[in-house]
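>>> Test case, fold it:
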Amino acid sequence: MKPVEGNNEEGQVGEGKERKAWFREKTISINRVGVVIFEAPFDAKKEDEVDNTGMRVWPAAQVLALYVLNHPEVLRKCEGVLELGAGAGVTGLLVAKACGRPADVVLTDGEHHVLELTRRNIEANFKEDGRPSCEYLRWGENVAEFRDKVGTFDLIMATDVLYCPEALEPFFTTARQLMSSKPSAQLLVSHTNRSYVPHYKVRKAGSKCGFKCTDIPLQSIPGCAEMSRATAADPRHPLLQRMQVFRFTLKSSIRGDPSS
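All right, here's what the predicted structure looks like:
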């Protein structure tokens, strides 16, 4: 494992001080697009009661990246890409490299300590000129102000972020407010089926907020079977077996509504 070095403003400690967080470095490549990622090891303990769940790379991030990178039409003519709950930023960074317009990609998270790692991973993969941006955003809070600042997006992505039932409504209302009114605009969500937030509740919450849902089975995504075999020994592997990708688009009666 390698410690993340940097300044205190970015949440990292300087020389002569005990390091509070250690991260391991890994390279993730999909369809010849590769990124360097720092993440908290899966067995790392929490430091100072800080939740490091968002500082790990979960299978859902790679699954959604596999889908987008294997469907270049998703990014073609796409103006603005947003990732909600980006965490370490794997999906957003891979998409930023693949689309060729990294400055059009915005990665967000609602935890400041997670954003420190997100910024570190952005800096590890892009030069200062023309890199993705990183913004703080808590779902359902100050979304109109955020939209005034960064605009709306043709593609919104989220990977395995809906593991709390109470997060469903603010997540979808936030996505609705930040999605552009184009007919091609879409929200892509990779979700792990859990007893407390099963797939059907995700579909239902999306519909309640004005979205139409289309299921994208894992077996239809090139590379998922190979990924499953390659990660069989990983403790996160069982999550892959319970995963589903959803495509949400705004219902025609909602699209263009200025209050959305």
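>>> what about the helices in the stretch 101-250 of the chain?
112-125, 143-150, 168-178, 199-208, 224-230, 237-240 (DSSP state H, counting those that start in this stretch).
>>> Other residues contacting the second one?
Meaning helix 143-150. 82, 106, 133, 135, 137, 173-174, 177-178 (CB atoms under 8 Å, 6 or more residues apart in numbering). Glycine gets a C-beta too; all of them are placed from N, C-alpha and C.
>>> And the helices of the stretch 101-250 of the chain: which comes nearest Cys99?
Cys99 sits nearest to helix 112-125 of all the helices of the stretch 101-250 of the chain, at 13.6 Å, using CB to CB.
>>> How far off centre is that closest one?
The chain centroid and the centroid of helix 112-125 are separated by 13 Å under CA atoms, centre = their mean, to the nearest Å.
>>> Stretch 157-166 too?
10 Å.
>>> Show me which residues of that stretch are buried.
Buried residues in stretch 157-166, counted by 16 or more other CB atoms under 10 Å: 157-162.
>>> Can you get me the start-to-end distance on that stretch?
19 Å (CA to CA, to the nearest Å).
>>> if you average pLDDT over it, what comes out?
Here stretch 157-166 scores 96 as its mean pLDDT.
>>> can you give me the strands in the stretch 1-150 of the chain?
Secondary structure of the stretch 1-150 of the chain (DSSP state E, counting those that start in this stretch): strands at 24-30, 33-39, 81-83, 105-109, 133-136.
>>> tell me the most buried of the ones you listed?
Greatest average neighbour count among these goes to strand 81-83 (a mean of 28), per mean count of other CB atoms under 10 Å.
>>> residues making contact with that strand?
Applying CB under 8 Å, 6+ apart, the contact partners of strand 81-83 are 75, 89, 91-92, 95-96, 99, 104-108, 150, 153-159, 178.
>>> cool, and stretch 131-139?
Under the criterion CB under 8 Å, 6+ apart, external residues in contact with stretch 131-139 comprise 84, 86, 89, 92-93, 96, 102-103, 105-110, 112, 115, 118-119, 122-123, 125-126, 143, 146, 149-150, 167, 170-171, 173-174.
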